[in-house]
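Chemist: mind looking at a prediction? Sequence and model below.
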Amino acid sequence: MARYRGPKTKIARKFGDEIFGYDKYFQRRKYQSGQHGPSKRRKTQSEYAIQLQEKQKAKYTYGLLERQFENTFEKALKKHGVTGVVLLQLLEARLDNTVFRLGLANSRPQARQVVLHKHIEVNGHVVNIPSYSLRPGDVISVREKSKSLDVILGALAGKGKTGNWLEMNTDTLEGRFIQFPDREDIPEKINEQLIVELYSK
């Protein structure tokens, strides 16, 4: 399936945010690319353009394609609660995102690869589907024969604090999805209401 494999700094500059993590090149120029710089660009955007940009930002952040994102939004519509918040909760509950949050990978693309290569188990069973939706109480662990992988150990060495909706035991390389996160606990700078307004048109 197609994935974006182009320059990440270009996308970060497009949205004015380090959506793929720290980027030293983004720090030098935080505006969109172009030979004339930011001063020559149109400063006003239409309402539709702003909403579309926010949806694209969410797609790139979580590594979803258009159809996958639409399907996730449709699931959010059918659930109780504020649609925008539920959408982000469903995105956070993806297996590849949770592997990243637990510190078993340095980035979501790397987490996706770790899952695809069958290094991750959910409730004791190997799951190699990055979009697998976790539920409260699910246990995520590294397969026994994969616990010595440099990519996983290296990611854990540089990991900071895990989200408070997750638990992680670095000794056993086992984590738990406790609950769906509250909106204020999700660190991504995404205005989910704009996405809801876009799909409501």
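Modeler: Cool, got the structure.
Chemist: surely residue 101 touches residue 167?
Modeler: No. Taking C-beta atoms under 8 Å as the definition, residue 101 is not a contact partner of residue 167, at 11.1 Å. Every C-beta, even on glycine, is put in place using the N, C-alpha and C of the backbone.
Chemist: looking at the two, which is more packed in?
Modeler: residue 101 (23 against 15; other C-beta atoms under 10 Å).
Chemist: quick check: the more buried one vs residue 62, distance?
Modeler: Counting by C-beta to C-beta, to the nearest Å, the gap from residue 101 to residue 62 is 12 Å.
Chemist: and what of residue 114?
Modeler: Residue 114 is 16 Å from residue 62, by C-beta to C-beta.
Chemist: can you name the next helix or strand after the helix or strand harbouring residue 84?
Modeler: Under the criterion of DSSP states H and E, residue 84 resides in helix 83-92. Next along the chain after helix 83-92, taking DSSP H and E as the criterion, comes helix 95-101.
Chemist: all helices for the chain, in order.
Modeler: Along the chain, the stretches classed as helices by DSSP state H are 8-15, 24-28, 47-62, 66-78, 83-92, 95-101, 108-116, 150-157, 192-199.
Chemist: output the third one as CSV, restricted to C-alpha atoms.
Modeler: Meaning helix 47-62. Presented in CSV, the C-alpha positions along helix 47-62 are these (Å, rounded to 0.1, in the frame of the first residue of the first chain):
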residue,chain,number,x,y,z
GLU,A,47,-12.2,28.6,5.4
TYR,A,48,-12.2,25.4,3.3
ALA,A,49,-8.4,25.7,2.8
ILE,A,50,-7.8,25.9,6.6
GLN,A,51,-10.1,22.9,7.2
LEU,A,52,-8.4,20.8,4.5
GLN,A,53,-5.0,21.7,5.8
GLU,A,54,-5.9,20.5,9.3
LYS,A,55,-7.2,17.2,7.9
GLN,A,56,-4.0,16.7,5.9
LYS,A,57,-1.9,17.5,8.9
ALA,A,58,-3.7,14.8,10.9
LYS,A,59,-3.3,12.3,8.0
TYR,A,60,0.5,12.9,7.8
THR,A,61,0.9,12.9,11.6
TYR,A,62,-0.7,9.5,12.0
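Chemist: thanks a lot, catch you later.
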